[in-house]
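> One predicted model, sequence on top.
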Amino acid sequence: MNQVVSLFQAAIVFGTVIMFGSIGEILTEKSGSLNLGVPGIMYLGGIASLVSAFLYEGACAKAGVAPSPVLLVVLPFVCAFAAAALGGLLFSFLTITLRANQNVTGLTLTIFAGGVANLFGGSLNKLAGGVGQISVAATSELYRARILGFLPLPDIVNKFLFNYGFMVYLAIILAVVLHIFLNKTNKGLNLRAVGESAATADAAGINVSKNKYLANCIGAGISGLGGLYYVMDYIKGTWANDGNIERLGWLAVALVIFSTWKPMRSVWGSYLFGLFYWVFLYIPGLSRRAQEIFCMLPYVVTIIVLIIVSMRKRKEDQPPESLGQAYFREER
């Protein structure tokens, strides 16, 4: 039973990282923009949160004062969202205003943001006194605090459902809010109309560029929270230049396809991905090759889902009609 609980918890924590990335990209893609820069966006969110927490904790230590718990949580959160949103703004400017190719721009953003993040990560390592010495323990502790573990429920229930930091529940809340926004509000329906046919939406009086810009920036900000969660909870407030954020970013993109562009499906889909990704640790006697095969499972499942969706051709499971297509009003 302990192994089952441990596997479930690992799946939840792992899944939360890619859930943020997936939710943000779903919002972006619903507007018709295909941003393959999700890994880079998550890099920006992670490094911005770490730099802000590191500088704030260091300043408080020099001044001999205790850091404010509120600022320890809010400052990295705001910096992560803002840095990632700026990445989304850059993507929007290049693809909407300058009409650059979306695929090339997204991939370039991933490479660029990864380089920037690792540059600052290396600089922080030097400031901290050596490689692997970065630690924002006070901030990480607050992000990892089990806020609902006190509930008077059986211990097994608490371990399964309420033994996590607040960002696990925030990710689920964001998925629910996005589902309601896209399906129950006029602004959400306008955004979906832009993603299905920008020309038709424009003819109906909907501001296409405004909707795309907002979706790209807010979606990128949400994806950046995945980088924040990875840094503050997943690796406990340090920086690892091992490419894991990039791998998780691509998993988040795969999860968008797996969830067929539906925010609520991304919730259980992300946990399923986490389960597939870590289950090999709980199967004794596996060879190295077998472990690598298990790590491939999320991608394999995504390919299977993509094939099934393509064969069934159900309208509600298809991507937005104009996904990845540039819209020029003059050509309408």
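Ah, there it is.
> distance of the closest residue to A220 other than its chain neighbours from N118?
Nearest residue to A220, sequence neighbours excluded (Cβ to Cβ, 6 or more residues apart in numbering): G88, at 2.7 Å. Every C-beta, even on glycine, is put in place using the N, C-alpha and C of the backbone. Distance of G88 to N118, computed by Cβ to Cβ, to the nearest Å: 20 Å.
> list the helices and strands the helix or strand harbouring L124 packs on?
Taking DSSP states H and E as the criterion, L124 maps to helix 102-128. Helix 102-128 sits against helix 38-63, helix 69-92, helix 244-258, with contacts defined as 3 or more Cβ pairs under 8 Å, 6 or more residues apart in numbering; DSSP states H and E.
> same question for it, mean pLDDT?
Computed over helix 102-128, the mean pLDDT rounds to 89.
> After that helix, heading C-terminal, what element do we hit next?
helix 137-144.
> thinking again about what came up before, quick one, what contacts the residue nearest to A220?
Going by Cβ atoms under 8 Å, 6 or more residues apart in numbering, G88 touches 28, 35, 41, 216-221.
> Who wins on neighbours among the residues you listed?
Within the contacts of G88, most neighbours by other Cβ atoms under 10 Å means I41, with 37 neighbours.
> That residue and G249 touch, don't they?
Yes - counting by Cβ atoms under 8 Å, I41 does reach G249; the two are 7.4 Å apart.
> residue ranges with poor pLDDT in the stretch 1-150 of the chain?
For the stretch 1-150 of the chain, the stretches flagged by pLDDT under 70 are 1, 128-133, 149-150.
> Next: the stretch 201-332 of the chain.
Applying pLDDT under 70 to the stretch 201-332 of the chain flags residues 285-286, 309, 312, 330-332.
> where along it do the helices fall?
For the stretch 201-332 of the chain, applying DSSP state H, counting those that start in this stretch gives helices covering 208-229, 244-258, 263-278, 288-312.
> If you count residues, where's the longest helix of the protein?
helix 2-30 (DSSP state H).
> was I right about C217 contacting S92?
Yes - with contact defined as Cβ under 8 Å, C217 counts as touching S92 (6.5 Å).
> any idea how far the nearest residue to K212 once chain neighbours are set aside lies from A145?
Nearest residue to K212, sequence neighbours excluded (Cβ to Cβ, 6+ apart): S31, at 4.8 Å. Separation of S31 from A145 (Cβ to Cβ): 35 Å.
> More neighbours: the two, which one.
S31 (28 against 14).
> about what we covered before: list phi and psi for the residue nearest to K212.
Main-chain torsions, S31, degrees, to the nearest 10: phi -90, psi 0.
> from now on call the first residue 6
All right, first residue 6 from here; so that's S36.
> ok, it - contacts?
196, 199-200, 216-217, 220-221, 325 are the contacts of S36 under Cβ under 8 Å, 6+ apart.
> how much space between it and G193?
11 Å.
> Quick check: neighbours shared by those two?
Contact criterion Cβ under 8 Å, 6+ apart; residues shared by S36 and G193: none found.
> how many other residues sit next to L187?
20.
> helix or strand for it, which one?
Assigned by DSSP H and E, L187 belongs to helix 171-189.
> Y235 against L253, yeah?
Yes - using Cβ under 8 Å, Y235 is in contact with L253, at 6.7 Å.
> about what we covered before: which among the helices of the stretch 206-337 of the chain is found nearest to L55?
Each of the helices of the stretch 206-337 of the chain has some distance to L55 by Cβ to Cβ; the shortest is helix 213-234, at 8.7 Å.
> Go through that closest one and flag the buried ones.
213, 216-234 (16 or more other Cβ atoms under 10 Å).
> Distance check, K192 against N168.
36 Å.
> if you count what's nearby, which of these two comes out ahead?
Set K192 next to N168 and count neighbours by other Cβ under 10 Å: N168 wins out with 18 against 12.
> three-state assignment of the more buried one?
Recorded secondary structure, N168: coil (DSSP: H, G, I helix; E, B strand; the rest coil).
> okay, now N188: neighbour count?
Count around N188 with other Cβ under 10 Å applied: 13.
> for K67, that is, sorry about that
K67 has 8 nearby residues by other Cβ under 10 Å.
> Could you name every residue contacting both of Y235 and L253?
Listed as contacting both Y235 and L253 by Cβ under 8 Å, 6+ apart are 22, 47.
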